[in-house]
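Student: sequence unknown, structure follows:
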């Protein structure tokens, strides 16, 4: 019984010729005298033969190659498009400091100009002159108060 | 240097036809592994395409420590696993598209053989994937246990037990479908 257990563990490997010489002899001798293990072996052998006879599929010779060519070309185009977009994004990121600096300098310049004008501006004179109050006038008043 | 490595070297030197030669050489082997694992034609073809696309993009990183075929089969099994994980169900009920292995005797014998193949297909659909993968690599592709261990990334003992267990389950399933041993 113990032998049967050992043989059953070896049967699949025996079938696949993955056992050593000693194991081959052991299994063969046991199978010759044990109908239960012989039946088990016959069952495994039928399964293996059934698999061996299993239909094999085949693709037409150049079918896959031509499909792959298309997909590789499409993926290349995609990669190129992606690299163009990402290249533009990288360029944009690099160029961002330029407009930011220009805007900052412009704002600074405007602030200084307004401040200078504000110092020359008198709210009383403006009221007496009867000129309309513009945004610039209001900014001057605010800056003057702030000073 | 073996033929595959020569193709790889030529491909890496910019010769696309060398890659196509590899595709032609292995396309049916890959197809049969995938088809045995999932049992559907159209999906199998899509997976085969995905496998070779992965090979195309990954050949530069192929280090040559294992054989190209082992690497290819590993990609095949993993891509099929990914597909099944996405699908979350097994497929086992579609008729086949193209048959190349024929040559059985008379019409009655052929019918019996067809019936057996249909049964095998149904039964295979109920074998858990880990056992089925080992079994397919052994009995469809004829790989030895050591190579299967490399492909499935597991120990030799695990391969042995998976093949043995796979055959036991298959036997039970065939018995269940047919009610008698084949």
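Tutor: Here it is on my side, so go on. It should be emphasised that the depicted structure is a prediction, and the values quoted were computed from it without experimental measurement. Numbers count the residues shown, from 1 in each chain, chains lettered A, B, ... in the order given.

Student: Low-confidence regions, chain A specifically.
Tutor: A:1, A:117-121, A:147 (pLDDT under 70).

Student: Helices along that one, start to end?
Tutor: Taking DSSP state H as the criterion, chain A contains helices spanning A:2-15, A:21-33, A:35-52, A:63-95, A:97-119, A:123-129, A:135-146.

Student: Packing partners of the fifth one?
Tutor: In this structure, helix A:97-119 packs against helix A:135-146, with contacts taken as 3 or more Cβ pairs under 8 Å, 6 or more residues apart in numbering or on different chains; DSSP states H and E. All C-beta atoms are positioned from the backbone trio N, CA, C, and that covers glycine.

Student: From the contact counts, what lies against the worst-scoring helix or strand of chain B on mean pLDDT?
Tutor: Across the helices and strands of chain B, mean pLDDT, DSSP states H and E gives its lowest value to helix B:107-125, namely a mean of 76. Under the contact definition 3+ Cβ pairs under 8 Å, 6+ apart, helix B:107-125 sits against helix A:35-52, helix B:156-178.

Student: With respect to residue A:19, which of these lies nearest?
Tutor: helix B:156-178 (10.2 Å; Cβ to Cβ).

Student: quick check, the closest one touching chain A?
Tutor: Yes: Helix B:156-178 reaches chain A (Cβ under 8 Å from any Cβ of the partner chain) through B:160, B:163-164, B:167, B:170-171, B:174.

Student: How about that helix, which residues are buried there?
Tutor: Across helix B:156-178, burial judged by 16 or more other Cβ atoms under 10 Å in any protein chain shown covers B:158-171, B:173-174.

Student: of all the residues you listed, which comes closest to chain A?
Tutor: residue B:164 (3.9 Å; Cβ to the nearest Cβ).

Student: Tell me, how many residues neighbour the residue nearest to the closest one when sequence neighbours are not counted?
Tutor: Closest residue in space to residue B:164, ignoring its immediate chain neighbours: residue A:12 at 3.9 Å, by Cβ to Cβ, 6 or more residues apart in numbering or on different chains. Residues near residue A:12, counting by other Cβ atoms under 10 Å in any protein chain shown, number 25.

Student: Could I get the contacting residues of the residue most central in space within chain B?
Tutor: Geometric centre of chain B, nearest residue: residue B:33, 1.2 Å, by Cα atoms, centre = their mean. If a contact means Cβ atoms under 8 Å, 6 or more residues apart in numbering or on different chains, then residue B:33 has B:73, B:76-77, B:80, B:136-137, B:140-141 as its contacts.

Student: Check which helix or strand it maps to.
Tutor: Using DSSP states H and E, residue B:33 falls within helix B:16-38.

Student: could you give the angle of that helix to helix A:63-95?
Tutor: Going by axes from the mean of the first three to the mean of the last three Cα atoms, to 10 degrees, helix B:16-38 is angled at 110 degrees with respect to helix A:63-95.
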